[in-house]
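Enquirer: sharing a model prediction with you, sequence too.
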Amino acid sequence: METISLIVRSIFVDNMVFAYFLGMCSYLAVSKNVKTAVGLGAAVTFVLTLTLPINYLLENYVLKAGVLTWLGEDFASVDLSVFSLLIFIAIIASFVQLVEMIVEKFSPSLYNSLGIFLPLIAVNCAILGGSLFMQQREFANVGMATAYGFGSGIGWLIAIVGLAAIREKLEYSHIPKPLRGLGITFIVTALMAIGFMSFSGINI
């Protein structure tokens with residue numbers, strides 16, 4: 001039940017886009033059509049779901065002060081937490097490279113549509129933010145970390161697909177010239193964020 005609650009909260013209440021404004025660059029740039037948005041959202045979800053448990057294990061069994069006692073008492077005073085950010089980024093970059101190769105192999109059209117934004121998942125602050133939030137919240141086990149990564153990815157996917165669907169409809173709407181493009185996109189994003197605020201009272 002706690003795991004389900006964590007997933008629901010990370011999707012709706014602690015949404016990476018609407019609560020923390022993370023991953024906004026690719027969120028705004030790739031949300032022009034639904035197909036591309038689904039592809040990028042799925043890639044972000046995949047990377048978040050797989051990197052968070054790995055980073056959790058590294059954090060709790062290698063990097064934290066005193067956690068290397070499983071190697072022997074001589075390592076009890078070792079503290080490698082200074083390297084945590086570098087290692088988190090390295091793990092994320094490795095998985096992004098894997099995603100890029102998979103997408104290029106099985107969906108060349110999506111690969112071409114995403115363009116530079118696919119490799120830029122490596123520097124998507126929503127993904128690094130997930131690992132840093134995991135570090136801050138000190139989840140009880142790797143399962144909770146995985147659930148948080150999955151929920152955060154689904155939340156980001158819902159956000160970008162929702163915006164893409166709205167932007168496709170806006171193509172047929174009469175929008176004042178000064179608001180066309182990013183202007184109306186920022187307004188829609190703000191309204192979506194206000195809508196997601198209504199989920200803050202969820203208590204599972």
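Expert: Received it, and whenever you're ready, just let me know what you need. Residues are numbered from 1 along each chain as shown.
Enquirer: would you put the C-alpha positions of the helix or strand bottoming out on mean pLDDT in the chain in CSV?
Expert: Ranked by mean pLDDT, DSSP states H and E, the weakest helix or strand in the chain is helix 108-114, scoring a mean of 83. Listed next in CSV are the C-alpha coordinates belonging to helix 108-114 (Å, rounded to 0.1, in the frame of the first residue of the first chain):
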residue,chain,number,x,y,z
PRO,A,108,14.3,5.3,-36.7
SER,A,109,11.4,7.7,-37.4
LEU,A,110,11.1,8.4,-33.7
TYR,A,111,14.9,8.7,-33.4
ASN,A,112,14.9,11.3,-36.2
SER,A,113,11.9,13.1,-34.6
LEU,A,114,13.5,13.4,-31.2
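Enquirer: which residue ranges of this protein form helices?
Expert: Along the chain, counting by DSSP state H, helices occupy 2-8, 24-29, 34-58, 84-106, 108-114, 125-137, 142-170, 182-197.
Enquirer: figure out how far the shortest one is from the centre of its chain.
Expert: What it means is helix 24-29. 12 Å (CA atoms, centre = their mean, to the nearest Å).
Enquirer: in this protein, where is pLDDT below threshold?
Expert: 202-204 (pLDDT under 70).
Enquirer: repeat that for 80
Expert: Along the chain, the model assigns pLDDT under 80 to residues 1, 113-118, 120, 122-123, 201-204.
Enquirer: touching, V142 and Y56? I think so.
Expert: Yes. Using CB atoms under 8 Å, V142 is in contact with Y56, at 5.2 Å. The way it works is simple: take the backbone N, C-alpha and C, and place the C-beta from them, glycine included.
Enquirer: and these two? Which one has more around it.
Expert: With neighbours defined as other CB atoms under 10 Å, V142 and Y56 compare such that Y56 has more, 23 against 15.
Enquirer: surely the more buried one touches A145?
Expert: Yes. Using CB under 8 Å, Y56 is in contact with A145, at 3.8 Å.
Enquirer: anything in contact with each of those two?
Expert: Common neighbours of Y56 and A145, counting by CB atoms under 8 Å, 6 or more residues apart in numbering, are M134, F139.
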